[in-house]
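Undergrad: with the input below, show me the fold.
(one chain, ligands or ions: 1)
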Amino acid sequence: MQPRLDDYKAIVRADTLKELRLLAKRVEGWKLQNVNSTLKGGGVAEILSRLVPLLKELGVDASWKTIEGDAPFFEVTKAFHNALHGAQVEMTPQMLEIFRSTTRKNLETIDLQDSNTIIHDPQPIGLIELKNKVGGNWVWRCHVDVSTPQKFVWEFLKTYMLRYDAVAFSIPSYARRLPVRQWLLEPSIDPLSEKNMELDESVITSTLERFSIDPEKPVILQVSRFDSLKDPVGVIELYRLVRKKEECQLVLAGGTADDDPEGQKVLGEVKAAAADDPDIHVLLLSPDSHREINALQRAASVVVQKSIREGFGLTVTEAMWKQKPVVASAVGGIRRQIISGVTGFLIESKEGAAHRIRQILNDPDLARGVGRAAKEMVRTRYLITRHVKDYLLIMLALRYPERNVVDI
Ligand code: UDP
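TA: I've put the predicted structure just below:
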């Protein structure tokens, strides 16, 4: 059974739910369709899988569709993704043609309605071609860190962006100079989903047993797609630094996403780097291993997110909600979530990270204090109820573009 709005009463302020219902009355029956490129794997799928049902419960005619693409298309869009994150990626005319031709196929096959339409990330950005035919208001929502994009790819995508009614970014510092409306739309987690709900101790114990993880030894954990930008090989090097002085084990848990072609290659590199160390557990999980990830996060002594770039970093939010001390790179959305020393620790180097991890492993009071603050930060800013409210407000803002105040 999926959680219902009333189930959030015990978690959020009482007036939060009242506010949602009040706003929802104003948009009852309105359509809102989301389009991305995968139903499973990665942060966007994670968010939509809960946002859409809750909006429906509130009376919004919400839906979620995905575009179709083959391996060459997703290789091109992964190159876009890396380029937006600032990597110097070579883009050839053939690559742009692959992108355009898959976009054309999707324009013919996707069934969109006259509605509020939110297009997520670069893969489906070209669907904007349908705006005139289908009608409605269109928002491009970018989940990627675009603070220092590669110019060529940014300019290419901008030709599409400019045709939207608004674009939305995940944190304020991603805002760009653009002649369209820009919104801040921060991601969120669902505290009642399988990924984040409270678990019985027995579930945690049996999960550790299943993966042959020693329940007596401190666990350092990183959960992420096997993606070079998540730096899993760097996490192994970091663990080896910690291991020089502390008894501990490392768990790298992750899967691959349908729209990410680099997974297998990176997984191979990780396995090679782990060699035959019995205290490094590399877990390749299926996309619906939510309960396993939940249990691993709860079992961890320290959660690491050593990303090189990070749009937002939902894995950080998930660990913070579980009151875990998180040690994470000072990049992208992680900087917004972690107040270093208060709600977690931001690090700039492997040595700095190793120092923090050792400190946490040796100071349980510090770990508990930071964990408690982390959970409260997530409660006020990053729960799904806030996100639902943002979506309701977006629908109103799209309907009344000329107004700064909308009476409800
Ligand atoms: N995730 C998952 N299985 C995996 C790896 C990640 O379910 O094997 C989830 C993770 O728990 C989080 C999301 O996918 O909810 C990843 O979001 P994040 O913002 O951290 O990174 P992204 O993958 O979107 O770059």
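Undergrad: residue 182 is in what secondary structure piece?
TA: Residue 182 is part of strand 181-184, with elements assigned from DSSP states H and E.
Undergrad: and the helix or strand following that strand, what does it pack against?
TA: Using DSSP H and E, the helix or strand that follows strand 181-184 towards the C-terminus is helix 201-210. Using 3 or more Cβ pairs under 8 Å, 6 or more residues apart in numbering; DSSP states H and E, the elements in contact with helix 201-210 are helix 290-299. Backbone N, C-alpha and C define where each C-beta goes, glycine included.
Undergrad: the helix it packs on vs helix 201-210, what angle?
TA: 100 degrees (axes from the mean of the first three to the mean of the last three Cα atoms, to 10 degrees).
Undergrad: how far off centre is the strand holding residue 182?
TA: 19 Å (Cα atoms, centre = their mean, to the nearest Å).
Undergrad: which residues touch it?
TA: For strand 181-184, the external contacting residues (Cβ atoms under 8 Å, 6 or more residues apart in numbering) are 139, 165-172, 175-176, 394, 397, 401.
Undergrad: filter the residues you listed down to the buried ones, PyMOL style.
TA: Applying 16 or more other Cβ atoms under 10 Å to the contacts of strand 181-184, the buried members can be selected in PyMOL as follows:
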select buried, resi 139+165+166+167+168+169+170+171+394+397
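Undergrad: out of the contacts of strand 181-184, what pair is the most spread apart?
TA: Of all pairs drawn from the contacts of strand 181-184, the one with the longest distance (Cβ to Cβ) is 171 and 401, at 23.8 Å.
Undergrad: neighbours around residue 184, how many?
TA: For residue 184, the tally of surrounding residues (other Cβ atoms under 10 Å) stands at 12.
Undergrad: no wait, residue 218
TA: For residue 218, using other Cβ under 10 Å, the count is 17.
Undergrad: my read: residue 144 touches residue 312, true?
TA: No - using Cβ atoms under 8 Å, residue 144 makes no contact with residue 312, being 9.3 Å away.
Undergrad: list the strands paired with the strand holding residue 182, with their directions.
TA: Here strand 181-184 has these sheet partners by DSSP bridges: strand 166-169 (parallel).
Undergrad: just the element for residue 376, please.
TA: helix 364-381.
Undergrad: which residue lies farthest from the center of the protein?
TA: residue 245 (33.2 Å; Cα atoms, centre = their mean).
Undergrad: ok so that one is a strand residue?
TA: No - secondary structure of residue 245 (DSSP: H, G, I helix; E, B strand; the rest coil): coil, not part of a strand.
Undergrad: okay, it and residue 358: tell me how far apart.
TA: Residue 245 sits at a distance of 6 Å from residue 358 (criterion: Cβ to Cβ, to the nearest Å).
Undergrad: what score does the residue of the stretch 1-150 of the chain found nearest the ligand have for pLDDT?
TA: Across the stretch 1-150 of the chain, no residue is closer to the ligand than residue 43, which sits at 2.9 Å (Cβ to the nearest ligand atom). We note a pLDDT of 87 for residue 43 in this prediction.
Undergrad: is it in contact with residue 187, as I believe?
TA: Yes - at 6.3 Å, residue 43 counts as touching residue 187 under the criterion of Cβ under 8 Å.
Undergrad: returning to what we had before: return the set of buried residues in the helix holding residue 376.
TA: Buried, per 16+ other Cβ under 10 Å, within helix 364-381: 366-367, 370-371, 373-375, 377-379.
Undergrad: now do stretch 203-211
TA: Result for stretch 203-211 [16+ other Cβ under 10 Å]: buried residues 204, 207-208.
Undergrad: got it, and stretch 62-77?
TA: Of the residues in stretch 62-77, those buried by neighbour count under the rule 16+ other Cβ under 10 Å are 62-67, 69, 73-74, 76-77.
Undergrad: could you pull out the strands for the stretch 101-250 of the chain?
TA: With DSSP state E, counting those that start in this stretch applied, the stretch 101-250 of the chain shows strands at 115-120, 136-142, 166-169, 181-184, 219-223, 249-254, listed in chain order.
Undergrad: can I get those strands in a markdown table with mean pLDDT and distance to the ligand?
TA: Formatted as a markdown table, the strands of the stretch 101-250 of the chain follow (pLDDT from 0 to 100; distance: least, Cβ to the nearest ligand atom, whole Å):
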| stretch | mean pLDDT | distance to the ligand |
| --- | --- | --- |
| strand 115-120 | 97 | 11 |
| strand 136-142 | 97 | 12 |
| strand 166-169 | 96 | 14 |
| strand 181-184 | 94 | 16 |
| strand 219-223 | 98 | 5 |
| strand 249-254 | 97 | 4 |
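Undergrad: on that earlier part again, in the strand holding residue 182, what's buried?
TA: By 16+ other Cβ under 10 Å, the buried positions in strand 181-184 come out as residue 182.
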